[in-house]
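[1] I would like the atomic coordinates for the input below:
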Amino acid sequence: MKSFVVVLLAVLLPGLAAGQGEIVAWGANSCGQCIVPVPNNGFVAVAGGLRHSLGLKFGGTIVAWGINNFGQCDVPEPNIDFTKVAAGSGHSLGLKFDGTIVAWGDNDSGECDVPEPNAGFVAVAAGGLWYLEGGFGHSLGLRSDGTIVAWGANYNGQCNVPEPNTDFEKIAAGATHSLGLKSDGTIVAWGWNYQGQLDVPAPNADFEAIAAGAGHSLGLKSDGTIVAWGFNDWGQCDLPEPNTDFYKIAAGDLHNLGLRSDGTIVAWGYNGIGSCDVPEPNAHFVAVAAGGDHSLGVYDPTGVRIEEPWEPDPGQDHQRTPTVRVINYPNPFNPQTTISFSLGRSEWAKIGVYDLGGRLLSVLADRTYDAGHHTIVWYGNDAMGRVLPSGSYVVRLETESAVETQKVSLIR
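    Model (predicted):
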């Protein structure tokens, strides 16, 4: 008999406000996929597999829980420097700061055999048959040059990326199909089309995010509306009204989640195990993920989004490419380092320095900058001017259009 549970824990790491970065989980819990390990805080991203879950901590470590029959919860060492996570039916993926992908769990179809060269990746996605725990998973990796690499199960062509394999910005993996979002805002779909999950509705334009479920697909438009197509026996393509103000989406087996800009989550589709029953208080969420029959949300009462919605300047002939870049030199450094960042347009920018536990140590900038290149020197001090010890820190650049992070090392 399947069970379901709602989990909200509040064991804190030092320096974190109550509730900051907690994961809230609800829906099916037959394998503990909703029992978030303690300490449940400091999370910035989540991913839901068939019966397991992943959480990414601010400092770059991954926490995994739920079913572990294929080792999908055994995060390989060294468990450091991760920036993104993805969960498939029986395997897991983690993207490192250096652009390499780490894969673990079920590998019956080669879904953990990352093709060489394993370098230059900026995003990952994991798929697989949601009703089978192993043997049919596939993986996607997006390179910084806009090309997609696909590997694993290919029985339905889900790894045959259509030509031209260029100009992709985002990727999503479903049960037996895959999606890619182009820089011009169009969606490319490939794989099995037995329920129309590849038939992107017209006009295929102005999309800024994608998600893939078992037999359906989602696209988020730049105006905050969601488009859904494919298998709809459980209403997973029936968008709730008002269909407005969304900035993140997630697709599970037969249900979906949409995160609004006010921090509330909207859920729809199959709800036989409570995967659409968002717990109260439904507020202050900054990230969402959908698994087989369970749902996950990152809760942060500070209200800081993990990723701001992308909004083009009115009347500007824009390109849908990242608008910010941040680097520092030297790295490692002592006693100071120069933080360089570039903006594609005039906009507000905030630069903060955090420890690996997610605690804000210093704000180096918080104002509007002109488009172009800028530099700021950090002397390794906190906001009170106190000298920080040797160690690793995270520089976070937040603008109106994007968020970028850079890990830095201070050596005294």
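[2] how is this structure partitioned into domains?
    With domains defined by automatic domain parsing, the chain comprises 4-299, 324-410.
[3] would you single out the least confident of these?
    Note on the domains of the chain: lowest mean pLDDT is at domain 324-410, with a mean of 83.
[4] how far off centre is that one?
    22 Å (C-alpha atoms, centre = their mean, to the nearest Å).
[5] same question for stretch 157-167.
    22 Å.
[6] how long is that stretch from one end to the other?
    Stretch 157-167 has an end-to-end distance of 21 Å (criterion: C-alpha to C-alpha, to the nearest Å).
[7] circling back to that earlier point, pick the most buried one from the domains of the chain.
    domain 4-299 (a mean of 21; mean count of other C-beta atoms under 10 Å). Using the backbone N, CA and C atoms, a C-beta is placed for each residue, glycine as well.
[8] which residue ranges of the stretch 1-150 of the chain form strands?
    Assigned strands in the stretch 1-150 of the chain, in chain order: 4-7, 22-28, 43-48, 52-57, 62-66, 82-87, 91-96, 101-105, 121-127, 138-143, 148-152 (criterion: DSSP state E, counting those that start in this stretch).
[9] again, but for the stretch 251-400 of the chain
    Using DSSP E, counting those that start in this stretch, strands in the stretch 251-400 of the chain cover 255-260, 265-269, 285-290, 294-299, 324-329, 337-343, 347-354, 360-369, 372-378, 391-399.
[10] adding distance to residue 65, write the ones you listed out as JSON lines.
    Converted to JSON lines, the strands of the stretch 251-400 of the chain look like this (distance: least, C-beta to C-beta, whole Å):
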{"stretch": "strand 255-260", "distance to residue 65": "19"}
{"stretch": "strand 265-269", "distance to residue 65": "20"}
{"stretch": "strand 285-290", "distance to residue 65": "13"}
{"stretch": "strand 294-299", "distance to residue 65": "11"}
{"stretch": "strand 324-329", "distance to residue 65": "32"}
{"stretch": "strand 337-343", "distance to residue 65": "36"}
{"stretch": "strand 347-354", "distance to residue 65": "25"}
{"stretch": "strand 360-369", "distance to residue 65": "27"}
{"stretch": "strand 372-378", "distance to residue 65": "36"}
{"stretch": "strand 391-399", "distance to residue 65": "24"}
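[11] closest to residue 236 out of the ones you listed?
    Of all the strands of the stretch 251-400 of the chain, it is strand 265-269 that lies closest to residue 236, at 3.5 Å by C-beta to C-beta.
[12] Provide the contact partners of the closest one at residue level.
    Identification of contacts with strand 265-269 by C-beta atoms under 8 Å, 6 or more residues apart in numbering yields 234-236, 238-240, 246, 252, 254-260, 275-278, 282, 285, 288, 295, 297.
[13] out of the strands of the stretch 251-400 of the chain, which is closest to residue 384?
    Nearest to residue 384, of all the strands of the stretch 251-400 of the chain, is strand 360-369, at 8.7 Å by C-beta to C-beta.
[14] which residues does residue 128 contact?
    Counting by C-beta under 8 Å, 6+ apart, residue 128 makes contact with 50, 88-91, 111, 136-138, 152-153, 173, 175.
[15] could you do residue 379 as well?
    Contact analysis of residue 379 by C-beta under 8 Å, 6+ apart lists 335-336.
[16] what distance do you get for it to residue 406?
    Computed as C-beta to C-beta, to the nearest Å, the residue 379 to residue 406 distance reads 17 Å.
[17] kindly report the same for residue 392.
    11 Å.
[18] now tabulate the strands of the stretch 1-150 of the chain in a markdown table and tack on distance to residue 402.
    Formatted as a markdown table, the strands of the stretch 1-150 of the chain follow (distance: least, C-beta to C-beta, whole Å):
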| stretch | distance to residue 402 |
| --- | --- |
| strand 4-7 | 31 |
| strand 22-28 | 24 |
| strand 43-48 | 15 |
| strand 52-57 | 18 |
| strand 62-66 | 23 |
| strand 82-87 | 14 |
| strand 91-96 | 17 |
| strand 101-105 | 22 |
| strand 121-127 | 13 |
| strand 138-143 | 16 |
| strand 148-152 | 21 |
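[19] right, so of the ones you listed, which gets closest to residue 359?
    strand 52-57 (12.3 Å).
[20] look up the closest residue to residue 409, ignoring the ones flanking it.
    residue 332 (3.8 Å; C-beta to C-beta, 6 or more residues apart in numbering).
[21] these two touch, right, that neighbour and residue 412?
    No - counting by C-beta atoms under 8 Å, residue 332 does not reach residue 412; the two are 10.4 Å apart.
[22] surely residue 221 meets residue 203?
    No - here residue 221 does not reach residue 203: they are 9.8 Å apart, not a contact under C-beta under 8 Å.
[23] right, and residue 90 touches residue 69 too?
    Yes - shown here, residue 90 and residue 69 form a contact pair, counting by C-beta under 8 Å, at 7.4 Å.
[24] tell me the contacts of residue 236?
    Residue 236 touches 213, 216, 228, 251, 254-256, 268-270, counting by C-beta under 8 Å, 6+ apart.
[25] out of the strands of the stretch 251-400 of the chain, nearest to residue 34?
    Among these, strand 294-299 sits nearest to residue 34 (C-beta to C-beta), with 5.6 Å.
[26] and that closest one, what does it pack onto?
    The contact analysis (3 or more C-beta pairs under 8 Å, 6 or more residues apart in numbering; DSSP states H and E) places strand 294-299 against strand 22-28, strand 43-48, strand 52-57, strand 255-260, strand 285-290.
[27] which neighbours does it have in its sheet, and in what orientation?
    Using DSSP bridges, strand 294-299 pairs in its sheet with strand 22-28 (antiparallel), strand 285-290 (antiparallel).
[28] now do the longest one against strand 265-269, angle only.
    With axes from the mean of the first three to the mean of the last three C-alpha atoms, to 10 degrees applied, the angle from strand 22-28 to strand 265-269 works out at 20 degrees.
[29] please name the bridge partners of residue 267.
    residue 257.
[30] could we number from 40 for the rest of this?
    In the new count, where the first residue is 40, that last one comes out as residue 306.
[31] switch the strands paired with strand 333-338 over to JSON lines; also include distance to residue 161.
    Formatted as JSON lines, these follow (distance: least, C-beta to C-beta, whole Å):
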{"stretch": "strand 61-67", "distance to residue 161": "24"}
{"stretch": "strand 324-329", "distance to residue 161": "18"}
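[32] re the thing from before, which pair in the contacts of residue 275 spans the largest distance?
    Maximum distance among these (C-beta to C-beta): 13.7 Å, for 267 and 309.
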